[in-house]
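In: fold the following, please.
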Amino acid sequence: MPSILSPIISQVQLCVLLSSRRVLTLLIMTVWIPSVALAQLDRAAIVEMQEQTTNEDWTFEVGENEATKYSLDQLCGLKEPEGWRARARFDQIATSSSGSILPLAFDWRTYNGCTPISNQGGCGSCWAFATVGALECAIKIREGETVDLSEQWLLSCNRDGWDCGGGWYAHSYHQWATDGCNGTGAVLESAFPYVAWEKPCACPYPHEYSIDSWAYIDGGVEAMKRAIIEYGPISVSVYVNNAFQAYRRGIFNSCTDATVNHSVVLVGWDDSQGVEGVWIMRNSWGAGWGEAGYMRIAYGCSRIGYAACYVDYRRVRVACQNNFGSAPLTVDFQPEVIGSTATGYTWEFGDGDISNEANPTHVYSVPGCYTVKLTVSTPEGDLYKMCPNLVSVHADTLRGTAVEIASGGPVRMDVSARNFVPIQKLTIPFTWEGPLKLRCDSFSVAGARTEYFDYITIVSWDSDNRRATIVLRTGNQPALTVGEGVVLSLWFTPGSGMIGVNQVAFVSYGYYSPLFESGDNVYEPALTAGYLSKGVSVGCCEGRVGDINQSGEDEPTLGDVMTLVDHLFISGNLLSCVEEADVDQSGGALPSYDDLTLGDVMQLVDYLFISGRPLLECL
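Out: The predicted structure follows:
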């Protein structure tokens, strides 16, 4: 059996239209009436085509099958993107290292290189089945394993707007392109089963397989044959008509030169069949169509082979310990090379550092998601493994804001999150404590980063103990992207006539803890309390404490001492800024009036008239 240099091939399934001039003339009178062409093939249309098999010298049979109950609109969903050639990578397939002579016939089915036939149903998702089918076959060839990959993930989660109404080759989603949760790589069918409609994407999904590269094939029939041998089944396009739809068996030769509308996979060829040879084509219309889901079609018929492409699937696995955590994160990497002997390694860790060790340890000091690339040298050539977002390093925060209350009415305090990894769920338990006798009235995500989330729920509300827990979860929506901003707004009403500072803290209680969830990872972010103040200026301290009378002097003076004494022991007048007056900083970052004591007076006097011991900096 010919060797495979690197098998990952994408499928692209194609549809072929009838033709020959006489057939086309006849179809204008019969099959090509729009009401017939756009509807399922009825018995009368099939009988009429069966009569044409003799008149048109067709070398195949037609009849009812699994595809004839649908219209061509439902079956053929290939849409050629405008200007795709200018962006495409073309590969002139070189002569195989195993020998330059191509066999007259080759069929991957003979070598157990094809997975079971799929059925796209009445959804124009042939582009997704062509993409997935080639990769499934490549995995089967390279690893001897039959895997069932999800076409629905491509259908529902692609970012190109492709759906049952049509699409194009989606191999990039198996290599580098990301879904709404920044996920890349093939998803198993069991994780997102096929439903033949645009079911909402509920990522994240586990991405079990990925390809190293893919390319369009430059060089015609011979290059396509070499690609099939070297990489496995290839994805191609074709033009489909009613005769193609009703195909039962034989060599399809009702050819029409028209714009391609369907994607399929080529698994082999036979130069001894037909006039000049045939392709062995794999379709996605079920095993009840054609020759158990396959077709033999003449070279070039109905543009078969248009935009042919292969996928490069060389199986290199990368395992790592501790690939999710807070910065700095130490990660141990271990490679596994299947079917080859490694002679050298080059690791690219995604942060600019590299290593040539076989099993390197790397420290990530900066938060973020890192794509790791491994190049393995072997006697047969280099193998590559790209692991998008393999390592996630977080320094995520959940932070309340500081708000001054101007009146006694409801006031809003925003809760912000900074996340370095995509987040699917936020659990936010909080308490509200302090002298203002706050009442927590409600919450909102209007205008917040989480406004689009599916589930925004109060899971605990305990007014007696002034605590509550709110859960925000994406559900079927994409994850919260990396960034910073408001995720939740809380509304409070203070008690009448109260002054001071209330802390709104994020703390654990009962069954609830402040948690973020990213995929399968659950962790606690760094927490910073919010503050609500009334009659107290919040956040006005600059430099050193001590400017209690807000004179703007560079150094505290006797006037500052007198102002503090007046507040504490004479008039009780409110101060402009409590932080400036908390000289001993007994109240922390945001003190209240309760934190101002004789100790502050004594420390200020000590600085001015006794030891000159420096005052503390602002917190």
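In: helices along the chain, start to end?
Out: 21-29, 34-37, 43-55, 72-75, 84-87, 126-143, 151-157, 220-231, 242-245, 558-565, 578-581, 598-605 (DSSP state H).
In: among the ones you listed, which is nearest G290?
Out: Nearest to G290, of all those, is helix 242-245, at 9.3 Å by Cβ to Cβ. The way it works is simple: take the backbone N, C-alpha and C, and place the C-beta from them, glycine included.
In: pLDDT at T95, what is it?
Out: T95 is assigned a pLDDT of 44 by the prediction.
In: which strand in this structure runs the most residues?
Out: strand 381-394 (DSSP state E).
In: follow-up on the earlier one: so which of the helices of the chain is nearest L490?
Out: Using Cβ to Cβ, those put helix 578-581 closest to L490, at 22.7 Å.
In: residues of that closest one that come out buried?
Out: Within helix 578-581, the residues that count as buried by 16 or more other Cβ atoms under 10 Å are V578, E579, E580, A581.
In: rewinding a little: adding distance to F252, write the helices of the chain out as JSON lines.
Out: Below are these laid out as JSON lines (distance: least, Cβ to Cβ, whole Å):
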{"stretch": "helix 21-29", "distance to F252": "12"}
{"stretch": "helix 34-37", "distance to F252": "18"}
{"stretch": "helix 43-55", "distance to F252": "11"}
{"stretch": "helix 72-75", "distance to F252": "15"}
{"stretch": "helix 84-87", "distance to F252": "26"}
{"stretch": "helix 126-143", "distance to F252": "17"}
{"stretch": "helix 151-157", "distance to F252": "24"}
{"stretch": "helix 220-231", "distance to F252": "17"}
{"stretch": "helix 242-245", "distance to F252": "7"}
{"stretch": "helix 558-565", "distance to F252": "96"}
{"stretch": "helix 578-581", "distance to F252": "83"}
{"stretch": "helix 598-605", "distance to F252": "93"}
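In: could I get those as JSON lines with mean pLDDT and distance to T110?
Out: Compiled in JSON lines, these are given as follows (pLDDT from 0 to 100; distance: least, Cβ to Cβ, whole Å):
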{"stretch": "helix 21-29", "mean pLDDT": "28", "distance to T110": "33"}
{"stretch": "helix 34-37", "mean pLDDT": "34", "distance to T110": "37"}
{"stretch": "helix 43-55", "mean pLDDT": "87", "distance to T110": "29"}
{"stretch": "helix 72-75", "mean pLDDT": "93", "distance to T110": "28"}
{"stretch": "helix 84-87", "mean pLDDT": "92", "distance to T110": "33"}
{"stretch": "helix 126-143", "mean pLDDT": "93", "distance to T110": "12"}
{"stretch": "helix 151-157", "mean pLDDT": "97", "distance to T110": "26"}
{"stretch": "helix 220-231", "mean pLDDT": "90", "distance to T110": "12"}
{"stretch": "helix 242-245", "mean pLDDT": "96", "distance to T110": "25"}
{"stretch": "helix 558-565", "mean pLDDT": "90", "distance to T110": "94"}
{"stretch": "helix 578-581", "mean pLDDT": "82", "distance to T110": "81"}
{"stretch": "helix 598-605", "mean pLDDT": "90", "distance to T110": "90"}
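In: who's in contact with E553?
Out: E553 is in contact with D547, counting by Cβ atoms under 8 Å, 6 or more residues apart in numbering.
In: state the pLDDT value of it.
Out: E553 is given a pLDDT of 80.
In: same check on the one 3 residues further on?
Out: The predicted local confidence for P556 comes out at a pLDDT of 87.
In: likewise P7?
Out: Looking at P7, the pLDDT reads 32.
In: burial of the nearest residue to E145 once chain neighbours are set aside, as a residue count?
Out: Distance criterion Cβ to Cβ, 6 or more residues apart in numbering; nearest residue to E145, sequence neighbours excluded, is I139 at 6.0 Å. Neighbour count of I139, defined by other Cβ atoms under 10 Å: 26.
In: these two touch, right, I139 and E208?
Out: No - counting by Cβ atoms under 8 Å, I139 stays clear of E208, with 9.7 Å between them.
In: which residues do the two both contact?
Out: In contact with both I139 and E208: V147, using Cβ under 8 Å, 6+ apart.
In: measure the spatially closest residue to K199 that is not a sequence neighbour to A105 for me?
Out: Take K199 and drop its neighbours on the chain: the residue closest to it by Cβ to Cβ, 6+ apart is S156, 5.4 Å away. From S156 across to A105, the span is 39 Å (Cβ to Cβ, to the nearest Å).
In: those two - which one has more neighbours?
Out: Set S156 next to A105 and count neighbours by other Cβ under 10 Å: S156 wins out with 24 against 15.
In: please report the distance of the more buried one from Q74.
Out: 18 Å.
In: what of N112?
Out: Using Cβ to Cβ, N112 is found at 32 Å from Q74.
In: neighbour count: the two, which is higher?
Out: The residue with more neighbours, out of N112 and Q74, is Q74; 20 against 11, by other Cβ under 10 Å.
In: who touches the residue nearest to that one when sequence neighbours are not counted in this structure?
Out: Closest residue in space to Q74, ignoring its immediate chain neighbours: G122 at 4.2 Å, by Cβ to Cβ, 6+ apart. By Cβ under 8 Å, 6+ apart, the residues touching G122 are Y70, Q74, L75, A196.
In: with D160 instead?
Out: The contact partners of D160, taken as Cβ under 8 Å, 6+ apart, are G167, W168, A170.
In: check I354 too.
Out: Taking Cβ under 8 Å, 6+ apart, one finds T346, W347, E348 in contact with I354.
In: and those, which are buried?
Out: For the contacts of I354, buried by 16+ other Cβ under 10 Å: W347, E348.
In: looking at the contacts of I354, which are in strands?
Out: T346, W347, E348.
In: the last one against K373, yeah?
Out: Yes - contact criterion Cβ under 8 Å: E348 and K373 qualify, at 4.3 Å.
In: ok, back up a step: nearest to F324, of the buried residues of helix 578-581?
Out: For those, the minimum distance to F324 (Cβ to Cβ) is 38.3 Å, reached by E579.
In: how about the strands in the stretch 351-500 of the chain?
Out: Along the stretch 351-500 of the chain, counting by DSSP state E, counting those that start in this stretch, strands occupy 354-355, 361-364, 368-378, 381-394, 397-400, 402-404, 411-419, 425-433, 439-444, 455-462, 467-473, 483-493, 500-505.
In: relative to the first one, what are the paired strands and their orientations?
Out: Taking DSSP bridges as the criterion, strand 354-355 sits next to strand 344-348 (antiparallel) in its sheet.
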